[in-house]
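1. coordinates for the following, if possible.
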Amino acid sequence: MSDNLLWLSASPSLQRLNQPLLHYLSQQVTVSQWEYYQTLDEGSSLTTAVTLLHEHLQHQAHPIHLAGHGISGVVGLLYSRLYPERVKSLALLSIAAQPAMTWHAHYYTQQRLLPCSRSQLLAQTALILFGKRLPLPLKDLLIALDRDLDLSPCPHSLLKLSELPKGGVSMPLLVYRSQTDSIIDPQGHSNWLPWMKYEDQLWDCPEGRHFFHYFYPELVGARLLDFWHTANSRSLHLSLTT
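-> Residues are numbered from 1 along each chain as shown. Coordinates of the predicted model:
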């Protein structure tokens, strides 16, 4: 496989949860990372994130493979729709057919319904996201989730839950979730099917909940590598026949 792989990270406080997968992939291919940061003074904006990603990629000589989890993958999805000529393939982890259905949306929905403090609700959210198998000490995990609510380009707030356009992309697409994910349920996952092309793939990881790629980096990584290899082979075949 060629080394034009870019992993997207728009959640700096949760970036450590990507590391096991990135470490596995880096043993097989060269992995670059794009990181998006915003301050508390800046309003959350997916448009800004997509614009900055384009500034990063606009001088690339060749299309690249994009991949991301959650809100980071949403940035990649929106970018791929705007600039399809710059993306060779797109791999999305834990993203529903309604792309705005992130864990942030679940949090704000629960905040409207339950008379809980922010810390109590974050603790409940952590249980939903991870179950009893925490990747970090609970205190550190709650701090990371709390920061992600404020610092990721999440389109939601307590006052408003947003939606994003549904649909697929023109390049090969892999959509991957965990069967034990309470945020991306089976219907939210299978609703991708109307937009899936022949070369697209819809996959389930047996375990791992919302951040399954942290707990099963080898399984997820092997699937990603196979997808990229297939996408590269298809791209080469098309170039030879046109």
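
2. which ones are touching the closest residue to Leu151 other than its chain neighbours?
-> With C-beta to C-beta, 6 or more residues apart in numbering as the criterion, Leu151 has its nearest non-adjacent residue at 5.8 Å, and that residue is Gln38. Any C-beta I mention is one placed from the backbone N, CA and C, and that applies to glycine too. Gln38 is in contact with 44-45, 48, 151-153, counting by C-beta atoms under 8 Å, 6 or more residues apart in numbering.

3. the residues you listed into TSV, with extra columns for pLDDT?
-> As requested, the contacts of Gln38 are exported to TSV (pLDDT from 0 to 100):
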residue	pLDDT
Ser44	75
Ser45	90
Thr48	95
Leu151	93
Ser152	94
Pro153	95
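
4. among those, name the ones in strands.
-> Using DSSP state E, the subset of the contacts of Gln38 located in strands is empty.

5. any quick ChimeraX command for the buried ones out of those?
-> Those of those that count as buried under 16 or more other C-beta atoms under 10 Å are selected in ChimeraX with:
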select :44,151,152,153
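
6. what's the closest of the contacts of Gln38 to Lys139?
-> Taking C-beta to C-beta as the measure, Lys139 lies nearest Leu151 of these, at 18.3 Å.

7. got the contact list for the residue nearest the centre of the chain?
-> The residue lying closest to the centre of the chain (C-alpha atoms, centre = their mean) is His69, at 2.0 Å. His69 sits next to 17-18, 93-95, 211, 213 when contact means C-beta under 8 Å, 6+ apart.

8. so which elements touch the longest helix along the chain?
-> Secondary structure assigned by DSSP state H gives helix 217-241 as the longest helix of the chain. Using 3 or more C-beta pairs under 8 Å, 6 or more residues apart in numbering; DSSP states H and E as the contact test, the elements touching helix 217-241 are helix 19-26, strand 64-69, strand 87-93, strand 173-178, strand 201-205.
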